[in-house]
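**Student:** Coordinates for the following, if possible.
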Amino acid sequence: MRGGQTADPVERPVGMVEYAINSLRSTANGRSPFEVSLGYQPPLFPEEEVDLEVPSVQAHIRRCRRAWCIARDALQMAQISAKRYADRRRRPGPGRAAVNLGLPQRST
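**Tutor:** A predicted model of the protein is given here:
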């Protein structure tokens, strides 16, 4: 389905739905899966792609690494926030004392 034109009329809408889902921004990191994996948001229509500037490989790698760092930092902040939210009513448990389970003592 991703490699080229498909003959099946059902697969074309599936590809558009897949594009729509992958272009939605995540609330956790503020970026779409395309932006995280490619470093930029690809255009919906191939005709729009002609207007894009073709960057060098090094620029593409820098852009991808920057997107990955931003996404990682945003996910870590979301994790910290979720932990803080989950722990807000949590209290420390009672102290643990040695418990005698009624096991027979070994005599030496």
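
**Student:** Need the mean per-residue confidence for the helix or strand hosting F34.
**Tutor:** Element membership for F34 (DSSP states H and E) is helix 33-38. Averaged across helix 33-38, pLDDT comes to 80.

**Student:** Enumerate the positions of that helix that are buried.
**Tutor:** With burial defined by 16 or more other C-beta atoms under 10 Å, the residues of helix 33-38 counted as buried are F34, E35, V36. Bear in mind the C-beta positions are built from the backbone N, C-alpha and C, glycine included.

**Student:** Ok, stretch 22-42 next?
**Tutor:** Across stretch 22-42, burial judged by 16+ other C-beta under 10 Å covers N22, N29, R31, S32, F34, E35, V36, G39.

**Student:** list the buried ones in the host helix or strand of S81?
**Tutor:** Secondary structure from DSSP H and E places S81 in helix 57-87. Neighbour-count burial for helix 57-87 flags C64, A67, A71, A74 (criterion: 16+ other C-beta under 10 Å).

**Student:** How about the contacts made by the third one?
**Tutor:** It refers to A71. Taking C-beta atoms under 8 Å, 6 or more residues apart in numbering, we find A71 in contact with N29, R31, V36.
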